[in-house]
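Colleague: Model the structure of this input:
(chains A and B)
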Amino acid sequence: MNHWVIAPVLLPWLTAILLLLAGRASLGWRRRASVAAAIAQIGLALVVAEKVGGGDILVYALGHWPAPFGIVLVADRLAAWMLVVTAFLALFALLYAIRGDDAAGSHFHSLFQLQLFGLNGAFLTGDLFNLFVFFEVLLIASYGLLLHGGGRRRTRAGLQFVAVNLVGSTVFLFAVGTLYGVLGTLNMADLALKVAATPPANAPLVRAAGLLLFGVFALKAALLPFYLWLPAAYAQTGAPVAALFAIMTKVGAYGILRVYPLIFGAGAGPAANLIEPWLLPLALATSGVGMVGALASTHLRQQVAYLVVASVGSLLLAFGLDNASGIAAGLYYLPHTTFAAAALFLLADSIAHRRGELGDRLDPGSTVASAGVLGSLFFVVAVAVAGLPPLSGFLAKFLTLRAALAHPWLPWIMAVVLVTGLFGLIALGRTGSLLFYRALPPETPPAPEESSGLARELAPAVGLLLLVVGMTVAAGPIAEGAQAVADQLLQPQRYIQAVIAPGGMP
Amino acid sequence: MELLLALIVGALTAAGVYLTLRARTFPLVLGLAFLSYAVNLFLFAMGRLTVGQPPLIAAGAAGYADPVPQALVLTAIVISFAMTAFVIALALKARAEMGNDHVDGRHRP
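Modeller: As a prediction, the model looks like this:
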């Protein structure tokens, strides 16, 4: 039994409990503990990635109960990929938060670690009901984080976010219950075997449950009919929380990628390729709607939130191509868009702080302090988010289009990817020129800021940008890694063998 | 018994959906509670309805009740209970901060 598999789940959980127990300790101490845990998290994620990199699938049977009777944690390449992305994102969001946002309430760091606990658990679990439980854990923590600091608008956005997600959880339970009622198992590998052997009489029930589940994942991912919760929630919450939430939509995408190739993939008999007719059209439409929203936004944070919606469209578009190179392109795009969107949220907060009463409203104002540094950074982040060369967003787009070359929908895909790219460019270009070029000279020139304070404030965003640059420089190995993940995903029999067969047991 | 249970689950779900679509926070909370009751009953029924059967291996048992849905429903009850408490607290906070109980925070004359 390989205990490294459970370590990424245990570490944030134990840290959160420790931080709760040490609630009266000084804020400085809690900050240090939280950052230390986040750094250790990166180490653990890299260890897991190293162990599964060769193609092994590690199975951890909790309580030593063999699958399908007990709950198993399964670390494969996809889980490790998501763990690494989450760990890096969390560290930079936390580094921004400890500058002061975490002081607005007493339990920011506990909630933050619980959020990581939920995320890592969701990526590692091999059981559908356990996935629901980890979704709930990460949602409960996200409710607390979203509302952190309070305020009227934040409360309103939080109320809607909570209500929508509770309905989503209910639907998740209906889907899980139906699958259990028909198939008698909830272990994902076992479900894959049972779905493939479903008698035709039960096929409609299984298909209905599978599509209900798709609805839930679409809600979490903010896919087209279900994206309305996202802009309000992301635009109103605190900047470090919004940056961390950049991974939340990817949890939905992860759910789709985990469940559908495995359980409802090509070999699933009557339920084969269940979501294929839905995913691509919805993803294309989401891209379009997100970009229209970004063009129509009146606030910078709202614009970034709509850009996140559009990026979900691009991500699921790549997954919806339903071939290994498409999934690989999506997996390469996933860390890029996560880091770039998080950097833009952090930067938007820094800009909004300096505009006084205008905040992040997209109206012309006076030149902000340190406009040169902020403007240059905004330019680089905008290049990354809009997917322009030379940064990795462009490479991801290129990979997606290359994977789509043989697809019957190629004209639509090409048109949507290129036109939404142009829209994104226009939206961000207009915002940048409004914030930095068309700014009026201030009546009293802003006092020059202390460079050390500015450096500390911008360091997390710069760090995220450096990750994007790193993804561009190391594009070859990372794209190969993504390809390896995709290849493993499309061979579900190896996952099933690892979990169910005696060979997978300790 | 199956028909009765199915009707109850259906009625609870319908009431839950209707109430969740209301624009005030109190019906919303009630609707979410109804939905969670419905899904708990539904999960419970997924182990098939049995009466007086042991859930674990017993000598001379004629049949068994499925223990897994019972465990699932227990988890689901705990989660939905906590969520209902949280939503009530949040609804009260929203009422206090926005001055009314509309989910969009709009004042209505």
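Colleague: Go ahead and flag the most central residue of the chain.
Modeller: All of this refers to chain A. Chain A has residue A:247 as the residue nearest its centroid, 2.3 Å off, counting by Cα atoms, centre = their mean.
Colleague: oops, chain B please
Modeller: residue B:36 (1.5 Å).
Colleague: which SSE is residue A:423 in?
Modeller: helix A:410-432 (DSSP states H and E).
Colleague: Now do the buried residues in that helix.
Modeller: The neighbour-count check on helix A:410-432 (16 or more other Cβ atoms under 10 Å in any protein chain shown) flags A:413, A:416-417, A:420-421, A:423-425, A:427-428, A:431-432 as buried. (Each C-beta comes from the backbone N, C-alpha and C, glycine too.)
Colleague: just to revisit the earlier point, who's in contact with the nearest residue to the residue nearest to the centre of chain B once chain neighbours are set aside?
Modeller: Once flanking residues are discounted, residue B:36 sits nearest to residue B:80: 3.6 Å by Cβ to Cβ, 6 or more residues apart in numbering or on different chains. By Cβ atoms under 8 Å, 6 or more residues apart in numbering or on different chains, residue B:80 lies in contact with B:33, B:36, B:39-40.
Colleague: And the pLDDT at residue B:80?
Modeller: Confidence at residue B:80, expressed as pLDDT, is 91.
Colleague: helix or strand for it, which one?
Modeller: Assigned by DSSP H and E, residue B:80 belongs to helix B:67-98.
Colleague: chain center to that helix: distance?
Modeller: Counting by Cα atoms, centre = their mean, to the nearest Å, helix B:67-98 is centred 9 Å from the centre of its parent chain.
Colleague: residues in contact with the residue in chain B that chain A sits nearest to?
Modeller: Here chain B gets closest to chain A at one residue, residue B:46, 3.6 Å apart by Cβ to the nearest Cβ. Neighbouring residues of residue B:46 by Cβ under 8 Å, 6+ apart: A:177-178, A:180-181, B:69.
Colleague: do residue A:395 as well
Modeller: Taking Cβ under 8 Å, 6+ apart, one finds A:332, A:472, A:475, A:479 in contact with residue A:395.
Colleague: what does residue A:37 give?
Modeller: Contact partners of residue A:37, counting by Cβ under 8 Å, 6+ apart, are A:11-12, A:15, A:113.
Colleague: From the residues you listed, pick the one nearest chain B.
Modeller: Out of these, the member with the shortest distance to chain B (by Cβ to the nearest Cβ) is residue A:113, at 18.5 Å.
Colleague: neighbours around that closest one, how many?
Modeller: Look at residue A:113: counted by other Cβ atoms under 10 Å in any protein chain shown, it has 28 neighbours.
Colleague: wouldn't it be in contact with residue A:19 here?
Modeller: Yes: under the criterion of Cβ atoms under 8 Å, residue A:113 makes contact with residue A:19 at 6.5 Å.
Colleague: what do the two both touch?
Modeller: residue A:34.
Colleague: pLDDT score for residue 4?
Modeller: You didn't say which chain, so I picked chain A. 90.
Colleague: Correction: the question concerned chain B.
Modeller: The predicted local confidence for residue B:4 is 93.
Colleague: Buried residues in the helix or strand containing it, which are they?
Modeller: Assessed by DSSP H and E, residue B:4 sits inside helix B:2-20. By 16+ other Cβ under 10 Å, the buried positions in helix B:2-20 come out as B:9, B:12-13, B:15-16, B:19-20.
Colleague: again with stretch A:141-159
Modeller: Buried residues in stretch A:141-159 (16+ other Cβ under 10 Å): A:141-149, A:154-159.
Colleague: ok, back up a step: is chain A within reach of the helix holding residue B:4?
Modeller: Yes: using Cβ under 8 Å from any Cβ of the partner chain, we find that helix B:2-20 touches chain A at B:16, B:20.
Colleague: Walking through chain A, point out its strands one by one.
Modeller: Along chain A, counting by DSSP state E, strands occupy A:58-61, A:72-75.
Colleague: packing partners for the first one?
Modeller: Put plainly, it is strand A:58-61. Here strand A:58-61 touches helix A:27-52, strand A:72-75, helix A:492-500, going by 3 or more Cβ pairs under 8 Å, 6 or more residues apart in numbering or on different chains; DSSP states H and E.
Colleague: what mean pLDDT would you report for that strand?
Modeller: Averaging pLDDT residue by residue across strand A:58-61 gives 91.
Colleague: Over to stretch A:252-263?
Modeller: According to the model, stretch A:252-263 has a mean pLDDT of 93.
Colleague: for stretch A:104-122, same thing?
Modeller: Here stretch A:104-122 scores 91 as its mean pLDDT.
Colleague: what about it, distance to the chain center?
Modeller: 15 Å.
Colleague: returning to what we had before: which residue sits closest to the residue of chain B closest to chain A, ignoring its sequence neighbours?
Modeller: residue A:181 (3.6 Å).
Colleague: how many other residues sit next to that neighbour?
Modeller: Residue A:181 has 19 nearby residues by other Cβ under 10 Å.
Colleague: how much space between it and residue A:129?
Modeller: Computed as Cβ to Cβ, to the nearest Å, the residue A:181 to residue A:129 distance reads 13 Å.
Colleague: what's the answer for residue A:145, then?
Modeller: Counting by Cβ to Cβ, the gap from residue A:145 to residue A:129 is 25 Å.
Colleague: repeat for residue A:71
Modeller: 8 Å.
Colleague: Also residue A:30?
Modeller: Applying Cβ to Cβ to residue A:30 and residue A:129 gives a distance of 33 Å.
Colleague: buried residues in the helix or strand bottoming out on mean pLDDT in chain B?
Modeller: Lowest on mean pLDDT, DSSP states H and E among the helices and strands of chain B sits helix B:67-98, with a mean of 91. Buried residues in helix B:67-98, counting neighbours by 16+ other Cβ under 10 Å, are found at B:68-69, B:72-73, B:75-77, B:79-80, B:83-84, B:87, B:90-91, B:94-95, B:98.
Colleague: Could you give the number of residues near residue A:464?
Modeller: Using other Cβ under 10 Å, residue A:464 has 31 other residues around it.
Colleague: If you drop the residues flanking it in sequence, what lies closest to it?
Modeller: Using Cβ to Cβ, 6+ apart, the closest residue to residue A:464 is residue A:343 (3.9 Å).
Colleague: cool, residue A:479 as well?
Modeller: Once flanking residues are discounted, residue A:479 sits nearest to residue A:332: 5.3 Å by Cβ to Cβ, 6+ apart.
Colleague: Report the separation between that neighbour and chain B.
Modeller: 35 Å (Cβ to the nearest Cβ, to the nearest Å).
Colleague: okay, now that residue: neighbour count?
Modeller: Neighbours around residue A:332, by other Cβ under 10 Å: 26.
Colleague: and it, what is it in contact with?
Modeller: By Cβ under 8 Å, 6+ apart, the residues touching residue A:332 are A:392, A:395-396, A:399, A:471, A:475, A:478-479, A:482.
Colleague: and of these, the nearest to chain B?
Modeller: residue A:482 (34.3 Å).
Colleague: wait, isn't the closest one in contact with residue A:329?
Modeller: Yes: counting by Cβ under 8 Å, residue A:329 is a contact partner of residue A:482 at 7.5 Å.
Colleague: Run a quick check on residue A:63 versus residue A:73, I expect a contact.
Modeller: No: using Cβ under 8 Å, residue A:63 makes no contact with residue A:73, being 11.5 Å away.
Colleague: higher neighbour count, those two?
Modeller: Each of residue A:63 and residue A:73 has its neighbours counted (other Cβ under 10 Å); residue A:73 has more, 23 against 7.
Colleague: Could you report the distance from residue B:34 to residue A:165?
Modeller: Residue B:34 sits 17 Å away from residue A:165, going by Cβ to Cβ.
Colleague: Tell me how many other residues crowd residue A:47.
Modeller: For residue A:47, using other Cβ under 10 Å, the count is 15.
Colleague: who touches it in this structure?
Modeller: A:4, A:7.
Colleague: change it to 6 Å
Modeller: Neighbouring residues of residue A:47 by Cβ atoms under 6 Å, 6 or more residues apart in numbering or on different chains: residue A:4.
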